[in-house]
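Engineer: Structure of the sequence below:
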Amino acid sequence: MNTRLIAALLSAVILAPAIAAAVQDEEQLRPIRPLSLEEIRARKTVVPETKQPRGCSIPTIDISHIKAFQIEVDRDPKQYLGHTTTAMLEDGKTIFLVYPTGHASGKIILKRSDDGGKTWSDRLPTPQSWNKIDNCPTLFRTVDKDGKRRLVLLAGMAVVKRAYSEDDGKTWSELEPISDWGGIVAMSSLVPLSGPGRYMALYHDYCGMEMGIMGPFMSALMKRRYRCGEDGGVNGFIQFKVYTNDGGLTWSAPEMISFSDTIHLCEPGAIKSPDGRQIAVLWRENSRRRNSFITFSDDEGRNWTAPRELPAALTGDRHTAKYLPDGRLFISFRDMASDSLTRGDWIAWVGQYNDLVNGTEGSLRIRLMDNAPGITGAVWSGCDCAYPGVEILPDGTIFSVTYGKWDSSAPNYIMAVRFKLNDLLKAFR
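Structural biologist: Here you go, the predicted model:
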């Protein structure tokens, strides 16, 4: 065979993955073109008529009264402390925690634990721009294509803003807009994709009034693209994906996954399958007419299954999922199952990934903390808790932290739990 031909074939084989990644990157980062009415109709969620039961049959273990599992992280008798997220460093013990001084608003508080969540620093210094946000902050650990590790903070409803640390949390940048669009709890989830530095983030928005706030928060250009609020256009709750190819410094234009004015899917919680080939996303259902829902992608978010209703055992808000060393899933969330005895409380679910795939209830639920009634008349009264951070330590210890109304006579504050699941199960046999 001609040596030039052989060289050309070898070059093509070697370069094929890089070319495919470059094409994919370009596709993800280019602006979204306007959608036709036909394309919009194709993305409207078809709600399944068959409903899941509103109650669950798996056992619930109540550890809310066991002080040995609990850690008070921060409390202010005169100040509401809100929605938490965490990121753990590669040493398996250094955990950073952020939360606002208000209900999804206020100043961002930053704290650090150097011992896997047992003890916590005082409130750490933060940049001036962290003093006022208009939605829940989220925190992630990322690595870019050159191996640079960062902590990336995202916050903002009117406009999503980004701050980061490149020295493991010693210093932080100011919060700066990533573009001209906003959303709700952006970004709710971050999923690592194939190729270094590549991640997909998920969040939601809505057209119309929700909990007294008028949406959407997308840019003017996006409103035109999706014909938001028009006859035949996008309305109700909208599910979005965005991509980064540099570990969270820059972001693509948002792309709509689906929308519905019947079921209100929001605050996505993503987890990959054990082999890494599939992404599962658990969704809060905010109309409270149905249980929570789940969607799947087998191609890193390019295509998605239709939403499927989950069992009541997994029905709630702000699902945060992590794998235990033995392969079981631990998912922490706010229980919102209508017939649940722990509705409104901070709970966890334990099961297998196949339970998500097959729609089965799982193994058990754990009541982590009992949330007290809140402000009379507030839409979130009695269920204002459990936007949790979850970290699994190298020895299998579960650390989870969140805000809540843990004392009916005091403002919401930050509590954590720390335990090994097998030790807990032995104690409750």
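Engineer: low pLDDT regions in this structure?
Structural biologist: Judged against pLDDT under 70, the low-scoring parts of the chain cover residues 1-33, 211-212, 374-381.
Engineer: Tell me the strands beside the longest strand seen in it, with direction?
Structural biologist: In the chain, assigned by DSSP state E, the strand with the most residues is strand 199-210. Paired neighbours of strand 199-210 in the sheet (DSSP bridges): strand 184-192 (antiparallel), strand 213-215 (antiparallel), strand 236-244 (antiparallel).
Engineer: how about it: buried residues?
Structural biologist: Within strand 199-210, the residues that count as buried by 16 or more other C-beta atoms under 10 Å are 199, 200, 201, 202, 203, 204, 205, 206, 207, 210. All C-beta atoms are positioned from the backbone trio N, CA, C, and that covers glycine.
Engineer: Take the residues you listed and write them to TSV, including distance to residue 129.
Structural biologist: Formatted as TSV, the entries for the buried residues of strand 199-210 read as follows, by distance: C-beta to C-beta, whole Å:
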residue	distance to residue 129
199	23
200	26
201	21
202	25
203	21
204	24
205	23
206	26
207	29
210	27
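Engineer: closest to residue 224 among those?
Structural biologist: Using C-beta to C-beta, the shortest approach to residue 224 within these belongs to residue 207, at 12.9 Å.
Engineer: need the contact list for the closest one.
Structural biologist: Residues touching residue 207, when contacts are defined by C-beta atoms under 8 Å, 6 or more residues apart in numbering, comprise 215, 216, 228, 229, 234, 235, 236, 238.
Engineer: Now, of those, which are buried?
Structural biologist: Burial of those was assessed by neighbour count (16+ other C-beta under 10 Å); the buried members are 215, 216, 228, 234, 235, 236, 238.
Engineer: Closest one of those to residue 116?
Structural biologist: Nearest to residue 116 among those: residue 238, at 37.9 Å, using C-beta to C-beta.
Engineer: just to revisit the earlier point, and the longest strand of the chain, C-alpha only, in PDB?
Structural biologist: The C-alpha coordinates for strand 199-210 follow below in PDB (Å, rounded to 0.1, in the frame of the first residue of the first chain):
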ATOM      1  CA  TYR A 199     -19.500  19.500  32.000                       C
ATOM      2  CA  MET A 200     -23.200  19.800  31.400                       C
ATOM      3  CA  ALA A 201     -25.300  21.800  33.900                       C
ATOM      4  CA  LEU A 202     -29.000  21.600  34.300                       C
ATOM      5  CA  TYR A 203     -31.500  24.200  35.700                       C
ATOM      6  CA  HIS A 204     -35.100  25.400  35.100                       C
ATOM      7  CA  ASP A 205     -37.000  28.600  34.300                       C
ATOM      8  CA  TYR A 206     -40.800  29.300  33.900                       C
ATOM      9  CA  CYS A 207     -43.100  31.500  31.900                       C
ATOM     10  CA  GLY A 208     -45.700  33.100  34.100                       C
ATOM     11  CA  MET A 209     -46.200  33.600  37.800                       C
ATOM     12  CA  GLU A 210     -44.900  31.100  40.300                       C
END
